[in-house]
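Participant: next come a sequence and a model predicted from it.
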Amino acid sequence: MAISMTTAAAERVRSFLQNRGKGVGLRVGVKTTGCSGLAYVLEFVDELNDDDQIFEEHGLKLIVDGKSLVYIDGTQLDFVKEGLNEGFQFNNPNVNGECGCGESFTV
């Protein structure tokens, strides 16, 4: 079980962590919401929880709780710029469907 990130995502996360001035790494998880059921959550981590699993990629720590890992196992986090828009993109092989607005997904 693992998650990963592209070089572009790693550079963006590293930049955010440096600007923030603190943090162990980036938490990647899911929460129940939206019309399809699940949405991704990204947040900086200052302290680890007992059930956290840590994946190191490009010298950075991706932190995932055990409950979320079931839904995002195999996911690759990317950072994409398209015209004036930019943001993180989740390439999750477990997704069965997404809502029309792209905010939530089902597994």
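Facilitator: Great, that's in hand.

Participant: now the top helix by length along the chain: how far from the chain's centre is it?
Facilitator: Assignment by DSSP state H gives helix 7-20 as the longest helix of the chain. Between the centre of helix 7-20 and the centre of its chain there are 13 Å (CA atoms, centre = their mean, to the nearest Å).

Participant: tell me the centre residue of this protein?
Facilitator: In the chain, the centroid-proximal residue (CA atoms, centre = their mean) is residue 28; its distance is 3.6 Å.

Participant: so who does that residue touch?
Facilitator: Taking CB atoms under 8 Å, 6 or more residues apart in numbering, we find residue 28 in contact with 3, 40, 41, 42, 62, 63, 64, 68, 72, 75, 77. C-beta here means a position set from N, CA and C on the backbone, and glycine is covered the same way.

Participant: mind checking pLDDT for the nearest residue to the first one once chain neighbours are set aside?
Facilitator: Nearest residue to residue 3 in three dimensions, chain neighbours excluded: residue 75, at 4.8 Å (CB to CB, 6 or more residues apart in numbering). According to the model's per-residue confidence, residue 75 sits at a pLDDT of 93.

Participant: those strands in this protein, which residues are they?
Facilitator: 4-5, 25-33, 37-45, 52-57, 60-65, 76-82, 85-91, 97-98, 105-106 (DSSP state E).

Participant: what's stretch 77-96 in contact with?
Facilitator: By CB under 8 Å, 6+ apart, stretch 77-96 touches 3-6, 8-9, 11-12, 28, 40, 42, 62, 71-76, 105-107.

Participant: return the members of those residues classed as buried.
Facilitator: 3-6, 8-9, 12, 28, 40, 62, 71-72, 75-76, 105 (16 or more other CB atoms under 10 Å).

Participant: shaky segments in this structure?
Facilitator: 1, 34-36, 96-107 (pLDDT under 70).

Participant: most remote residue from this protein's center?
Facilitator: residue 83 (22.3 Å).
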